[in-house]
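Peer 1: The sequence and its predicted three-dimensional model are supplied below.
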Amino acid sequence: MEKKVHVWHLEITDPGAVDPPLSDKPYELRRAGRSLPELNRMLYLAVGADWLWYERLKWSYREWQSFLDRSNIETWIAFDGATPIGYFELETQTHGAAEICYFGLLPEFIGQGFGGHLLRDAIDKAWQLGGKRVWLHTCTLDHPSALTNYQARGFSVFKEEDIVTNLPDEPIQPWSGANKTSYQ
């Protein structure tokens, strides 16, 4: 199905513009120590299904492995005990930029106050990579609070565009019968 989507590209170029560090993080943050396509694909699908993250689902195991083996890619996972609650993926780029490629929470943890903390951690980790600019993009398919969360952490819009994309006819599901109404 063809759909028009509005995309916001956001950036932070001054670490001083970022809100102060949040205290009392309600989770433990760990960097994935190995390139595991199964892990990244699971996170991508679990976090992104409701927001129609579908582009990488057609990647082969080899494509996932090749992407994750790049030295400029990092995956960070937030855990509540032994349970993953969300993740972010960082990519260092030329000219001192670091992109937060993917960011999000597993559906069960949305609306519980984790998002602001996790985004702040993603920004901090991106700055630690030596970047002079941290950027990301969001769109009208993302969580309704995504843009507000990004802007509340100090991001500003540097570009907007409308694109037309072909979306799957059926909602993306981690398994048959799963969708956002099954856990609300």
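Peer 2: Arrived safely. Numbering: from 1, shown residues only.
Peer 1: Phi, psi for Gln93 please.
Peer 2: Main-chain torsions, Gln93, degrees, to the nearest 10: phi -130, psi 180.
Peer 1: Was I right to think it contacts Asn72?
Peer 2: Yes - with contact defined as CB atoms under 8 Å, Gln93 counts as touching Asn72 (7.3 Å). In this view, the C-beta of every residue, glycine as well, is placed from N, C-alpha and C.
Peer 1: Secondary structure element for the residue most central in space within the chain, which one?
Peer 2: By CA atoms, centre = their mean, the chain has its centre lying nearest to Phe103, at 1.4 Å. Per DSSP states H and E: Phe103 is located in strand 97-105.
Peer 1: residue ranges of the helices in this protein, please?
Peer 2: For the chain, the helices defined by DSSP state H occupy 37-48, 61-68, 114-128, 146-152.
Peer 1: wait, what's in contact with Gly131?
Peer 2: Applying CB atoms under 8 Å, 6 or more residues apart in numbering to Gly131 gives the contacts 92, 96-98.
Peer 1: mind redoing it with 6 Å?
Peer 2: Counting by CB atoms under 6 Å, 6 or more residues apart in numbering, Gly131 makes contact with 96-98.
Peer 1: one step back: output the helices of the chain in CSV, with distance to Arg30 and mean neighbour count appended to each entry.
Peer 2: Output for those, formatted as CSV (distance: least, CB to CB, whole Å; neighbours: other CB atoms under 10 Å):
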stretch, distance to Arg30, mean neighbour count
helix 37-48, 12, 18
helix 61-68, 16, 14
helix 114-128, 11, 20
helix 146-152, 22, 17
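Peer 1: Which of the ones you listed sits closest to Val134?
Peer 2: Among these, the nearest to Val134 by CB to CB is helix 114-128 (4.3 Å).
Peer 1: Tell me which of the helices of the chain sits nearest to Trp8.
Peer 2: Set against Trp8 and scored by CB to CB, the helices of the chain come closest in helix 146-152, at 6.0 Å.
Peer 1: which of the residues in stretch 95-104 are buried?
Peer 2: Neighbour-count burial for stretch 95-104 flags 97-100, 102-104 (criterion: 16 or more other CB atoms under 10 Å).
Peer 1: all strands of the protein, in order?
Peer 2: According to DSSP state E, the chain carries its strands in the segments 2-12, 28-31, 73-80, 83-93, 97-105, 133-139, 156-166.
Peer 1: Any chance of the ones you listed in CSV with distance to Asp121 as columns?
Peer 2: Shown next, in CSV, are these (distance: least, CB to CB, whole Å):
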stretch, distance to Asp121
strand 2-12, 14
strand 28-31, 5
strand 73-80, 7
strand 83-93, 8
strand 97-105, 10
strand 133-139, 12
strand 156-166, 20
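Peer 1: could I get those as JSON lines with mean pLDDT and distance to Gly113?
Peer 2: Listed next are the strands of the chain as JSON lines, based on pLDDT from 0 to 100; distance: least, CB to CB, whole Å:
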{"stretch": "strand 2-12", "mean pLDDT": "94", "distance to Gly113": "21"}
{"stretch": "strand 28-31", "mean pLDDT": "96", "distance to Gly113": "15"}
{"stretch": "strand 73-80", "mean pLDDT": "97", "distance to Gly113": "12"}
{"stretch": "strand 83-93", "mean pLDDT": "96", "distance to Gly113": "11"}
{"stretch": "strand 97-105", "mean pLDDT": "95", "distance to Gly113": "10"}
{"stretch": "strand 133-139", "mean pLDDT": "96", "distance to Gly113": "19"}
{"stretch": "strand 156-166", "mean pLDDT": "94", "distance to Gly113": "24"}
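Peer 1: Cool, thanks, talk later.
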